[in-house]
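Chemist: sharing a model prediction with you, sequence too.
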Amino acid sequence: MLILALALTGCTAAPVAAPPTSESPAASPSPTASAEPASEPSADSAVTCDTVLTPAAYTTFASDGLTPNEPDAASHVATFYPLAAQMVEAGGLACDWGRPQSDAGIMVVQLSDVDLGVWEPALADAGFVETNDPVPGAYTGPVDPGTGISPVVVVDGDSVTFVSAPTFAGWIAPSS
């Protein structure tokens, strides 16, 4: 049942970790990682691909014919955006919606409970600059040469959310 739910939502999630650094190319366990499995967040507090955006966003998706892409949004997001790939590797929730038989779509990656002091250098290294445009807390990324659009990362409290276009930044649900 869980596999079906993940396939239908087109998202993945894993525990949050710091961004990878160029100093350690080999993956190694975090010194703070525990051998015990992390406790599951309550259903009320867990962000999913069905709750990461505002209800208006999902209404717009439905009217525009956008549906969750399957089966692995994390690999799709990572293909196009290196910073989003870092966020996915750090355990970010990755969501990807598209219109069948077209290149229209939206990609979202969200990390919760992050230390912004760790992620600000990663944003700068990826070419993201704090602009507070189109929303407060927005960092605008470099223009994608294929689309001519700049992705945006929005910092809200202890969450960092990547969206593939500035238009979508206003659709990010407030962090709880």
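Modeler: Cool, the structure landed. Numbers count the residues shown, from 1 in each chain.
Chemist: quick one: low-confidence residue ranges for this structure.
Modeler: Confidence mapping of the chain against pLDDT under 70 gives the ranges 1-45, 70-79, 176.
Chemist: if we use 50, what do you get?
Modeler: Residue ranges of the chain with pLDDT under 50: 1-44.
Chemist: now do the helices in it.
Modeler: 2-9, 55-64, 73-80, 82-89, 116-125 (DSSP state H).
Chemist: mind listing what's buried in the second one?
Modeler: Read it as helix 55-64. Ala57, Tyr58, Phe61 (16 or more other C-beta atoms under 10 Å). All C-beta atoms are positioned from the backbone trio N, CA, C, and that covers glycine.
Chemist: any chance of these in a markdown table, plus distance to Thr67?
Modeler: A markdown table is the format used below for these (distance: C-beta to C-beta, whole Å):
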| residue | distance to Thr67 |
| --- | --- |
| Ala57 | 13 |
| Tyr58 | 11 |
| Phe61 | 8 |
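Chemist: and those, which is closest to Gln101?
Modeler: Using C-beta to C-beta, Phe61 is the member of those that sits closest to Gln101, with 16.2 Å.
Chemist: and that closest one, how far from Gln110?
Modeler: Phe61 sits 17 Å away from Gln110, going by C-beta to C-beta, to the nearest Å.
Chemist: tell me the contacts of the residue nearest to Ala57 when sequence neighbours are not counted?
Modeler: Leaving aside its sequence neighbours, Ala57 sits nearest to Trp171 (C-beta to C-beta, 6 or more residues apart in numbering; 3.7 Å). Contacts of Trp171 were listed using C-beta atoms under 8 Å, 6 or more residues apart in numbering, and they are Leu53, Thr54, Ala56, Ala57, Thr60, Val163.
Chemist: and with 7 Å instead?
Modeler: Leu53, Thr54, Ala56, Ala57 (C-beta atoms under 7 Å, 6 or more residues apart in numbering).
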